[in-house]
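Undergrad: Whatever this is, show me its structure:
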Amino acid sequence: MSALLPIRVVLFYLLLAFTAFAWCLISLVFAPFLSFRKRYRFVVQTWCRSAIWLAKTVVGLRYEVSGQENIPQKPCVILSKHQSTWETFFLSAYFEPLSQVLKRELLYVPFFGWAIMLLKPIAIDRENPKAALRQVAKQGQERLDQGAWVLIFPEGTRVPVGQTGKFSRSGASLAVNAKLPVLPIAHNAGVYWPKSGWGKKPGTIKVVIGPPMHAESEGPRAVAELNQRAEDWVNAQVRQLESTADM
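TA: From the prediction side, this is the model:
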């Protein structure tokens, strides 16, 4: 298995690129005529599930999820650890419909970016943090009102295994203003799908969905407290998952 792994990784990326290109073309033709929920299922869930399946079948990246009982019936703000690309695929397939906060540059990618635009993402300009915060607040509230989950990676970028990034308060602020909880999610995907390079490692990615966290009051202090509580929980869970992973 180890000798063939580089070949399997190359095969995985070739198949992933082919399916992405083909599905984006199909989506651009049919998705505009579908409702937002059906469009999400058709465009995102179908392809993201195929990406997760390819990772499992070709590379040997399995996964286990715990804490499903913590998922509230009403969509809220998801705050997830960000270590790799895998969790982007997984969470987009697991929760639907979902609107993700992402960097605006992704919308400029031919075909892929055009398909993303159909899915009501919150595409921010990272070079203008203040405007980005206002955009997350405004469009995030709109997405929640439309019955969509809002996925935020509060560290802002992928963080290598063993390291942590400071949580942005944008997700907690959105939740407090919407009077909704945040749903913290921890995982150890970076152990098997690192941030840098093309390398992959077979194994079982563990995902932990935490209990919904509600603000204890209102205002900036409530936002800071909720954000810190979510950050502490996610970091503690990630440390535990990384310590027990097959390194």
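
Undergrad: Can you name the residues that contact S243?
TA: Not one residue lies near S243 by C-beta atoms under 8 Å, 6 or more residues apart in numbering. Placement of C-beta: from N, CA and C, glycine included.

Undergrad: go again using 10 Å as the cut-off
TA: N188 (C-beta atoms under 10 Å, 6 or more residues apart in numbering).

Undergrad: quick one: it and Q237, what's the gap?
TA: To Q237, S243 is 11 Å away according to C-beta to C-beta, to the nearest Å.

Undergrad: now swap in R126 and tell me
TA: From R126 to Q237 the distance is 27 Å (C-beta to C-beta).

Undergrad: ok, G140 - how many residues close by?
TA: 24 (other C-beta atoms under 10 Å).

Undergrad: Name the SS class of the nearest residue to it once chain neighbours are set aside, please.
TA: Nearest residue to G140, sequence neighbours excluded (C-beta to C-beta, 6 or more residues apart in numbering): L174, at 4.4 Å. Using DSSP: H, G, I helix; E, B strand; the rest coil, the three-state assignment for L174 comes out as helix.

Undergrad: picking that back up, looking only at neighbour counts, state which of R126 and Q237 leads.
TA: Neighbour count, other C-beta under 10 Å: between R126 and Q237, Q237 has more, with 22 against 12.

Undergrad: can you list residues touching both of S243 and Q237?
TA: With C-beta under 10 Å, 6+ apart, S243 and Q237 have common neighbours N188.

Undergrad: Poorly predicted segments of this structure, please.
TA: 1-3, 111-112, 247 (pLDDT under 70).

Undergrad: what's near enough to touch the residue nearest the centre of it?
TA: Residue closest to the mean C-alpha point of the chain, counted by C-alpha atoms, centre = their mean, is T88 at 3.7 Å. By C-beta under 10 Å, 6+ apart, the contact set of T88 is C48, A51, S80, H82, Q100, L102, L151, F153, R158, A189.

Undergrad: that older thread, I'd say the residue nearest to G140 and L144 touch.
TA: Yes. Assessed by C-beta atoms under 10 Å, L174 is found in contact with L144 at 7.7 Å.

Undergrad: quick one: common contacting residues for the two?
TA: Residues touching both L174 and L144 by C-beta under 10 Å, 6+ apart: C76, V77, V150, L180.

Undergrad: Could you check how far the nearest residue to the first one once chain neighbours are set aside is from P202?
TA: Read it as C76. For C76, ignoring the flanking residues on the chain, the nearest one in space by C-beta to C-beta, 6+ apart is L180 at 4.3 Å. Distance from L180 to P202, counting by C-beta to C-beta: 38 Å.

Undergrad: Do a quick rundown of the strands in this structure.
TA: Under the criterion DSSP state E, strands of the chain are mapped to 61-66, 77-80, 98-103, 122-124, 149-152, 182-187, 203-209.

Undergrad: Strand partners (parallel or antiparallel) of the last one?
TA: Counting by DSSP bridges, the strands paired with strand 203-209 are strand 61-66 (parallel), strand 182-187 (antiparallel).

Undergrad: Please apply the same query to the shortest one.
TA: Taking DSSP bridges as the criterion, strand 122-124 pairs within the sheet with strand 98-103 (parallel).

Undergrad: Would you confirm that E87 contacts R158?
TA: Yes. Between E87 and R158 there is a contact under C-beta under 10 Å: 9.3 Å.

Undergrad: related to what we said a few turns ago, which one of the contacts of T88 has the most neighbours?
TA: A189 (28 neighbours).

Undergrad: mind listing what it touches?
TA: By C-beta under 10 Å, 6+ apart, the contact set of A189 is 55, 61, 63, 81-90, 158, 161, 195, 203, 205-207, 241.

Undergrad: on that earlier part again, for the residue nearest to C76, which residues are in contact?
TA: By C-beta under 10 Å, 6+ apart, the contact list for L180 reads P72, K74, P75, C76, V77, Q141, L144, V150, L174, P212, H214, A215.
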